[in-house]
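*Asks:* Below: sequence and its predicted model.
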Amino acid sequence: MSVPLVVEYESALLRHLSPTRRAADVASFVDYLCLVGHKQEIFFLWRPLLRDPNDDMVVELAVASQADAIVTHNLRDFSAAASLGIRVLAPGPFLLHLSRR
């Protein structure tokens, strides 16, 4: 986790509020992520790597934390992450990978 990533998650979730997802629910979920997540400092920027600067932030966090993969529905926009040794998986294949462990 990083502060910019938490802010991005919160912003994205708040943009898609519905009768079943209230702002208080978003706040509780973000608080939970902050509680269980590992805060990772980023000391080196790999920008520009992707078209969207917010996506660059995710790749930099993945590299800094030595993550095995980025899990996203946005496979095409994250394809350049492979050049830094980061796999990009859709949620379905990621869950299959976890079930084989």
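*Replies:* Structure's in. What do you need?

*Asks:* For the protein, just list every one of the helices.
*Replies:* Taking DSSP state H as the criterion, the chain carries its helices at 3-15, 23-36, 53-64, 91-99.

*Asks:* Of all the ones you listed, which one is nearest Phe43?
*Replies:* Among the helices of the chain, the nearest to Phe43 by Cβ to Cβ is helix 53-64 (6.8 Å). Every C-beta, even on glycine, is put in place using the N, C-alpha and C of the backbone.

*Asks:* Go through the helices of the chain and pick out the most buried.
*Replies:* With neighbours taken as mean count of other Cβ atoms under 10 Å, the helices of the chain reach their highest mean count in helix 53-64, at a mean of 19.

*Asks:* so that one versus helix 3-15, what angle?
*Replies:* Counting by axes from the mean of the first three to the mean of the last three Cα atoms, to 10 degrees, helix 53-64 lies at 130 degrees to helix 3-15.

*Asks:* Need the contact partners of helix 53-64.
*Replies:* Helix 53-64 has contacts (Cβ atoms under 8 Å, 6 or more residues apart in numbering) with 1-2, 4-5, 8, 40-50, 67, 69-70, 72, 74, 77-78, 80-81, 84-86.
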